[in-house]
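J.: Okay, predicted coordinates and the sequence, questions at the end:
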Amino acid sequence: MAVFKCEKCGATKEGRCKPKKCTGCGAADCMMKQEEKSTGCGCACACKSKK
Ligand SMILES: [Zn+2]
């Protein structure tokens, strides 16, 4: 599972493939894949500061 983030509004969405539209602002083709290595546990919670 990858995380995609909107470059325009910053909304994130999990999915196996790239979303066509942002679920936050509705803009098309603005979702960029986020690398999970910086998030630590990869659960998208507040524990990314933990090593
Ligand atoms: Zn957006």
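T.: Great, that's in hand.
J.: which strands and helices sit next to the helix or strand harbouring Lys33?
T.: Taking DSSP states H and E as the definition, Lys33 sits inside strand 31-34. Packing partners of strand 31-34 (3 or more C-beta pairs under 8 Å, 6 or more residues apart in numbering; DSSP states H and E): strand 2-6. For the C-beta atoms, the positions are set from N, CA and C on the backbone; glycine is no exception.
J.: Over the helix or strand that the strand it packs on is followed by, what's the mean pLDDT, rounded is fine.
T.: Sequence order places strand 12-15 as the next helix or strand after strand 2-6, per DSSP H and E. The pLDDT scores in strand 12-15 average 93.
J.: near the ion at all, stretch 14-28?
T.: Yes - using C-beta under 5 Å from the ion, we find that stretch 14-28 touches the ion at Cys22, Gly24, Cys25.
J.: export that stretch as PDB, just CAs?
T.: Presented in PDB, the C-alpha positions along stretch 14-28 are these (Å, rounded to 0.1, in the frame of the first residue of the first chain):
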ATOM      1  CA  GLU A  14      -3.800   5.400   0.600                       C
ATOM      2  CA  GLY A  15      -4.100   3.100  -2.300                       C
ATOM      3  CA  ARG A  16      -2.400   0.600  -4.600                       C
ATOM      4  CA  CYS A  17      -2.500   2.900  -7.600                       C
ATOM      5  CA  LYS A  18      -2.400   6.600  -8.100                       C
ATOM      6  CA  PRO A  19      -5.700   8.400  -7.600                       C
ATOM      7  CA  LYS A  20      -6.900  10.300 -10.600                       C
ATOM      8  CA  LYS A  21      -8.300  13.100  -8.500                       C
ATOM      9  CA  CYS A  22      -7.600  14.500  -5.100                       C
ATOM     10  CA  THR A  23     -10.200  13.500  -2.600                       C
ATOM     11  CA  GLY A  24      -9.600  16.800  -0.800                       C
ATOM     12  CA  CYS A  25      -9.700  19.600  -3.400                       C
ATOM     13  CA  GLY A  26     -10.800  17.600  -6.400                       C
ATOM     14  CA  ALA A  27      -7.900  18.600  -8.500                       C
ATOM     15  CA  ALA A  28      -6.900  16.200 -11.200                       C
END
